[in-house]
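> Test case, fold it:
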Amino acid sequence: MNIKWLKQNAVIVGFIAAFLIVLGGVVWLQQSASSKGAEVDTALEEQRSQLQHYSTQKLGPSRENIDLVKKDREQVAHLYQQLLTTVGRSQIPTHSDLRAVNFLQQMASQVAHLRQAAETNNVKVADGFAFGFGRYAGPPPQLPAKGLPEEDTKRVLTLLVKQLRAIEQISLLLISSHVDEINQIRHSEAEPGSGASAEALDIPIPDDPKALYQVLSFEFQFTCTGEALRAFLNSLTKSEWFFAVRSVKVVGEAPSTEKSSPGSSATAALATPPKPVHLSVTMRIDLIEFPDNQPAKQEAGKPGA
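Okay, here's the model as predicted:
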């Protein structure tokens, strides 16, 4: 009987079942939405509470924090001035109105002076050796910073003059230390474009006006005895400019290790002085410059501002 009735009213029964399923889904969705809405209302209330809290606070730094920052700045400035006093001359002076022709004149005069000093002290240099400036020495001489804008020209000439004076200083220290020969001098390019020049050092020149110090890199290749090498390193530490030795590569003949009898060794030592060991040295030297003027101090804000 019931089965017969269900068969006769199957459409109605299916419709009622589908309606109940849809109604259950709608009720479930409504409850989920209500739960999510409560969570959103709670989070929104927390945000409003935080905003209300922040709106009643003073956003400026406290007087204690301002005094602490001022004290730290004064200590840094004091330590920086002590550093400048310790290193001596912190910068190589240059002329603001320097011209390319003036640089060539300075370079020619310096090269001639260094060659004369080398000859006087029996230090060998190759014919036509330009102490790292063969690109501009020629022949024929080549003007630096040719065709560059005025600002770039000024920067290139300033760097070249600093390199010129630094190389002069280091070369004179080598000569006064009585090295055997100055073989090659390389430096970072102040003006790109020399290609595969043997004098170009593949180390870029930093260009950060906010840096606490500036670095110019050089590489000197020379031949000397161990005594001359020690004398040169000692003279670098006493220089009026701040030179830092970054690396040293030394190649040379090792001292004799030949064994002999005790009696004959004493006699040989008295008869023949020890043969000096000649070294081939490649040394990377950095000139470190510190700007004289610190960046302008910014005024700290008032508490509660």
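
> Do me a favour and average the pLDDT over stretch 101-121.
Mean per-residue pLDDT for stretch 101-121: 93.

> please renumber so the chain begins at 29
Understood, numbering begins at 29; the last thing we discussed is stretch 129-149.

> what about it, distance to the chain center?
Here stretch 129-149 is found 30 Å from its chain centre; the criterion is CA atoms, centre = their mean, to the nearest Å.

> Low-confidence stretches in the stretch 79-228 of the chain?
Applying pLDDT under 70 to the stretch 79-228 of the chain picks out residues 86-88, 112, 114-119, 124, 221-224.

> That one: strands as residue ranges?
Using DSSP state E, counting those that start in this stretch, the strands found in the stretch 79-228 of the chain span residues 209-216, 228-229.

> Which strands border the last one, and is each parallel or antiparallel?
Looking back up the chat, that one is strand 228-229. Strand 228-229 pairs in its sheet with strand 209-216 (parallel), by DSSP bridges.

> CA atoms of the strand it pairs with as PDB?
Only the C-alpha atoms of strand 209-216 are listed here, as PDB (Å, rounded to 0.1, in the frame of the first residue of the first chain):
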ATOM      1  CA  GLU A 209     113.900  48.200 -10.300                       C
ATOM      2  CA  ILE A 210     110.300  49.500 -10.600                       C
ATOM      3  CA  ASN A 211     108.800  47.300 -13.300                       C
ATOM      4  CA  GLN A 212     105.100  48.400 -13.500                       C
ATOM      5  CA  ILE A 213     102.600  50.600 -11.900                       C
ATOM      6  CA  ARG A 214      98.800  50.000 -12.300                       C
ATOM      7  CA  HIS A 215      95.900  52.000 -11.000                       C
ATOM      8  CA  SER A 216      92.100  52.100 -11.200                       C
END
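
> what comes into contact with that strand?
146, 151-154, 157, 159-160, 191, 195, 199, 202-203, 226-229, 231-233, 244-251 (CB atoms under 8 Å, 6 or more residues apart in numbering). The C-beta positions use only the backbone N, C-alpha and C, and glycine is treated the same way.

> for stretch 166-183, same thing?
For stretch 166-183, contacts defined as CB under 8 Å, 6+ apart pick out 124, 126, 128-129, 131-132, 136, 163-164, 184-185, 188, 218-219.

> and which of those is nearest residue 97?
Nearest to residue 97, judged by CB to CB, of the contacts of stretch 166-183 is residue 124 at 35.3 Å.

> Return the set of buried residues in stretch 136-149.
136, 138, 139, 142, 143, 145, 146 (16 or more other CB atoms under 10 Å).

> need those residues in CSV with distance to residue 257, can you?
CSV is the format used below for the buried residues of stretch 136-149 (distance: CB to CB, whole Å):
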residue, distance to residue 257
136, 30
138, 24
139, 24
142, 20
143, 22
145, 19
146, 17
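
> so of those, which ones are in helices?
With helices taken from DSSP state H, the overlap with these comprises 136, 138, 139, 142, 143, 145, 146.

> what's near enough to touch the fifth one?
Going back to what we said before, that points to residue 143. Taking CB under 8 Å, 6+ apart, we find residue 143 in contact with 153, 157.

> That'll do, ta.
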